[in-house]
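Undergrad: just the structure for this:
(chains A, B and C)
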Amino acid sequence: MISKRFVVVAVALALALGPLASAVLAQGPSIFIPLLVYRTGPYAPSGIPNANGFQDYFNLLNERDGGINGVKIAVEECETQYDTKQGVECYERLKSKAVLINPYSTGITYQLIPKAPGDKVVVHSMGYGMTASADGRYFPWVFNFPMTYWSQASSFVKYVGAQEGGLEKLKGKKIVHIFHNSPYGKEANPTLETLAKAHGFELTLLAVDHPGQEQKATWLQVRRINPDWIYLSGWGVMNGVAVKEAAGIGYKMDRLVGNWWSGSESDVIPAGDGAKGYKSMTFHAPGAGFKVHQDVIKHVYDKGKGAAKKEALGEVYHNRGMINAMLNAEAIRTAMAKYNLKTAPTGEQVRWGFENLDLTEAQLDKLGMKGMIRPLKVSCENHEGNGLAAVQQWDGKQWKVVSDWIEPMRNVVRPKLEEAAVQEGGEKLKYAKRDCSKEK
Amino acid sequence: MSVFQQVLIGPLKDIGSNPAFFGEVVIGGILAGMLYSLVALGFVLIFKASGVFNFAQGVMVLFAALTLVGLIERGAGVWVALAATALVMIVLAFAIERAVLRPLVNQPQIILFMATIGLNFFLEGFGEMLWGANVKKLDVGIPDRSFMAAGMQINQLELSAGGIAAILVVVLAIFFQKTRIGRALRAVADDHEAALSIGIPLKTIWVVVWSVAGLVAIVAGIMWGAKSGVQFSLSLIALKALPVLILGGFESVPGAIVGGLIIGVGEKIGEVYWGPLVGGAIENWFAYVLALAFLLIRPQGLFGEKIIERV
Amino acid sequence: MIYREAGQFKTTYAADQAIFPILQDRIFVALAVVGAFVIPVRFANEYWLQAVLIPFLIYALAALGLNLLTGYAGQLSLGTGGFMAVGAYSAFKLASAFPALNIVLVFLLSGLVAALVGVVFGIPSLRIKGFYLAVATLAAQFFLIWLFNKVGWFVNYAPSGTITAPPRTVFGVMVTGPDAAAGARYVAALAFVAVFALIAKNLVRGRVGRSWMAIRDRDIAAEIIGVRPLRTKLLAFAISSFYCGIAGAELVFLYLGSAETLAFDINLSFLVLFMVIIGGLGSVLGSFLGAAFIVLVPIFLTNVPHTVGLNLPVALAKQIELMIFGGLILFFLIVEPHGLARLWQITKEKLRLWPFPH
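TA: Modelled structure (predicted):
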């Protein structure tokens, strides 16, 4: 009995004292990039390829070029399970060494936005996070290029217009937006509502509650409305079920268009053949046919250092991870060129690099990513950059781009975005507006 | 239009104007309800025989589905994989009885509930470690197509799932009513001590009941996995079963079935006809409110045993 | 030997009824409280304050609230997340509508709002009990979250749909908002939890607490001796929700800084319930121990591989962490089903005799 008690006390003691020994890592002369990943939990099917893409690209830079301008990149993963509180823990643990962070969850992004200026850490939420942060005058430390949700929604409407034979043909058409009932899912609503008024289409908003395993009622409503197009803003299991339900009621799959977090391999696999024809928005091309993939195989996978299986190269989220890593790296490269650095840049310098990122066609070609993403230019006012969207389609085996690059309706989106920035940045966080003409 | 008209008359008129669609809603609700029942059954079986509110039921469903798909992916035939999964679930039942239930015998219900939470965390990590966190496709060989009947569109896959759930329920009912073990189970459910005193081996009964719940979990895992793919989120369907449980009673097999149907149909009708009035996505809480409203009239649930309290 | 009450005589009833009747306890608690105020602020780094201690204190307050309801009054509730959300959203509304209002007052008022909501959703407890009630309170959880998600008014029609803590000061020190130092937020959270723990401790040994326990142990008997179940149960719901509401407001204002409804989802309700059960039902100390267990153990397990130099893939590490965490819950339940607080009590008993066996 005594020994049993002893074990209990020992375990309790170990648990009580254990956290005292928090992680300490050797700091080297390298650029440290923490990766908040979710390789476990309900969203792991999206998180795994994404994290692998990051790893593979940074590994490629280290193996092929010896890092960025000769300075190696050190990455450390921290598992968040897509949970905000665990993400905050990760951030606090790793921020002292970090110069930039990719939160990879809307919830975590919102946590980090107020902290970023104080900690001098750049927050790059690529195609997610707070739309208003695209106004760099209020949010100097936050970047969401190449595109925001609002630009994406406007691109979707433009695409539909093109398919119907012109935006004026949208009059009287029925479009349904099926969205995850969370701030993320609702992002596209105001843009779609504005455009519905402007172009005269009938918009119906159907919310699906988290997690979205059971959507029978939603799709019954879809059947009754019988819309011409459906826009889907789902996440996780909700996407797979939505695609399956759409196939189940015999909806024309090529008129169901997901946003770029609803169009990956893991979203179409559960539906099997039924998913054939399903479309989604994207801001980069899928597939492993680019030069960068050959480089990754040669320098990373053939040396046995690949993060994923070779067959996983070219998956939508793997490519997205690589692109995100590339954008990080190019921003750092920009900063190093400006400040003429041979060592790791500071947070402020990296911020300048992000803000002055000018990714040209030539540079993309050099990186082996020509055609994978459009050239991109970021500015002090515009942290969204000038990214373009495209539509990809699932052909039963892989995703393929089926449209030209689509320019979002910036004249519609930008004014709303500036209004939102005043509200989110100016009023809520009490940020002062920067004068961009004084920045250099 | 007054609020009264909007809330009461509008939706009813809507129902009347398109009876075929209303039928579709009801059938959709029934089929979804059967799937809820399937998950609820797992809870009921265990609660009935051991008084444990098994928080890990959802994870057991996930674990069963993961094992099944994992085995199939590794080249096992469907039937071999099914048999192996069944075996795994039975072994799991043994392990749970030995490691969790036996040391905690005679503890209050809430402690046993907490123990199943520990089990939940353990299985969550274990299942993912074993089979990975990626989404896996589960093809049950029934085409996911719809056909029209009397102007109503009905999905084949859902119809089959509903049918299988119904068969399972009948089998379980027979098992409980007619077999020797079934009678022993009911005796244990009535009174642990009395059952022990007439020589019913409590430990065996627990293993049997957890095994049966494990087998139900396999079926639930297959049905839900065919819908959404086999992935971690499968463990969250347990939440869908909870309103069914309060409505049907924790201890009643028919309650789980009828409760599932009422919840299924109720929430679909609520969402389709009344949801748009308040902006939709009311399904989740509507199910609970439905169950709650019912409970206020019958506190012991639909078929729950009325407990007469004496001082 | 060290821990002996021999020689401590009580000469008045007041002394006998003290919260901590033994001198050593009084010294220990006083030292602990003073230590908690001083040591972390001086020595802990921001990681410790922000990622470990602040969430621990906030969860402890929520667990305390739920323990009053579940542990003392015997009403199982899974609506904690919803009630915390009520606290958080009303704090946000109050703080933005009345910028001049002191933030402490804002917290207390939002606690009151949560208490009101708690009473409404506590009404079913008059008819149903046990797990039925637990599942019924889930209705509150799902409905409230849906409501905050749906109605733009709660977030001041912010396009992002999130609430953010505005910068506010107490005694000239910034305690909320992005510029508030972690130390200040820590002290604020600690002050709240210390005061409310004291109130709880007093509550449960007085008439209110006794009537709660009477209802918990046998409601019909309690009714016969004159405890009114309606008032008692609803009061338990109100006070419990008050605590939870303040904890929810703190969660956003002192810890997260900004939040969407997902921060208050069903998992939060479960988490707080786990704390109460693991820590010990019907024990104020247990709420703290339970919160410590649920908050600290995962962080500890996450950091172990790094500390010992083991470089595990993060996914594997997380999976092992989950397994060990589950195993630990089982382990502690089997050695002491009545929670960590009871374990502490047993240790105290042992200490009285130590080092002699009898």
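Undergrad: of all of the stretch 101-250 of chain B, which residue lies closest to chain A?
TA: B:Gly229 (2.9 Å; C-beta to the nearest C-beta). To be clear about C-beta, it is placed using only N, CA and C from the backbone, and glycine gets the same treatment.
Undergrad: show me which residues of the stretch 151-300 of chain C sit near chain B.
TA: C:218, C:220-221, C:224, C:266, C:270, C:274, C:277-278, C:281 (C-beta under 8 Å from any C-beta of the partner chain).
Undergrad: okay, now residue 44: neighbour count?
TA: Just so you know, I chose chain A. Neighbourhood size, A:Ala44 [other C-beta atoms under 10 Å in any protein chain shown]: 28.
Undergrad: the chain in question should be chain C.
TA: Counted with other C-beta under 10 Å, C:Ala44 comes out at 16.
Undergrad: spatially, and excluding backbone neighbours, which residue is closest to it.
TA: Closest residue to C:Ala44 apart from its sequence neighbours, by C-beta to C-beta, 6 or more residues apart in numbering or on different chains: C:Leu53 at 6.6 Å.
Undergrad: can you name the residues that contact the spatially closest residue to the residue of the stretch 101-250 of chain B closest to chain A that is not a sequence neighbour?
TA: Nearest residue to B:Gly229, sequence neighbours excluded (C-beta to C-beta, 6+ apart): A:Pro270, at 2.9 Å. Each residue near A:Pro270 by C-beta atoms under 8 Å, 6 or more residues apart in numbering or on different chains is listed here: A:240-241, A:243-244, B:135, B:137-138, B:227-229.
Undergrad: repeat that with 6 Å
TA: A:240, A:244, B:137, B:228-229 (C-beta atoms under 6 Å, 6 or more residues apart in numbering or on different chains).
Undergrad: give me the PyMOL select line for those, limited to the buried ones.
TA: To isolate the buried ones among these in PyMOL, judged by 16 or more other C-beta atoms under 10 Å in any protein chain shown, type:
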select buried, (chain A and resi 240+244) or (chain B and resi 137+228+229)
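Undergrad: go through the contacts of A:Pro270 and name the one nearest B:Leu239.
TA: Nearest to B:Leu239, judged by C-beta to C-beta, of the contacts of A:Pro270 is B:Ser228 at 14.1 Å.
Undergrad: correct me if wrong: the closest one contacts A:Gly240.
TA: Yes. With contact defined as C-beta atoms under 6 Å, B:Ser228 counts as touching A:Gly240 (5.4 Å).
Undergrad: and the gap between A:Thr109 and A:Tyr91?
TA: 11 Å (C-beta to C-beta, to the nearest Å).
Undergrad: what's the helix or strand where C:Ala291 lies packed up against?
TA: Under the criterion of DSSP states H and E, C:Ala291 resides in helix C:284-307. Judged by 3 or more C-beta pairs under 6 Å, 6 or more residues apart in numbering or on different chains; DSSP states H and E, the packing partners of helix C:284-307 are helix C:54-66, helix C:182-205, helix C:266-279, helix C:314-335, helix C:340-353.
Undergrad: of all the ones you listed, which lies closest to A:Val402?
TA: helix C:314-335 (33.9 Å).
Undergrad: quick check: buried residues in that closest one?
TA: C:314-330, C:332-334.
Undergrad: out of those, which touch chain A?
TA: C:314-315, C:318 (C-beta under 6 Å from any C-beta of the partner chain).
Undergrad: export the residues you listed as CSV, with columns for distance to chain B.
TA: Shown next, in CSV, are those (distance: C-beta to the nearest C-beta, whole Å):
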residue, distance to chain B
C:Val314, 12
C:Ala315, 7
C:Lys318, 8
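Undergrad: end to end on stretch A:208-220, go ahead and measure it.
TA: With C-alpha to C-alpha, to the nearest Å as the measure, stretch A:208-220 spans 13 Å from end to end.
Undergrad: what about it, distance to the chain center?
TA: With C-alpha atoms, centre = their mean, to the nearest Å as the basis, the distance from the averaged C-alpha position of stretch A:208-220 to the chain average is 24 Å.
Undergrad: look at the residue in the stretch 251-400 of chain A that chain B sits nearest to and give its secondary structure.
TA: Proximity of the stretch 251-400 of chain A to chain B (C-beta to the nearest C-beta) peaks at A:Pro270, 2.9 Å away. At A:Pro270 the chain is in coil, as set by DSSP: H, G, I helix; E, B strand; the rest coil.
Undergrad: now do the one 4 residues further on
TA: The assignment at A:Gly274 comes out as helix when based on three-state DSSP.
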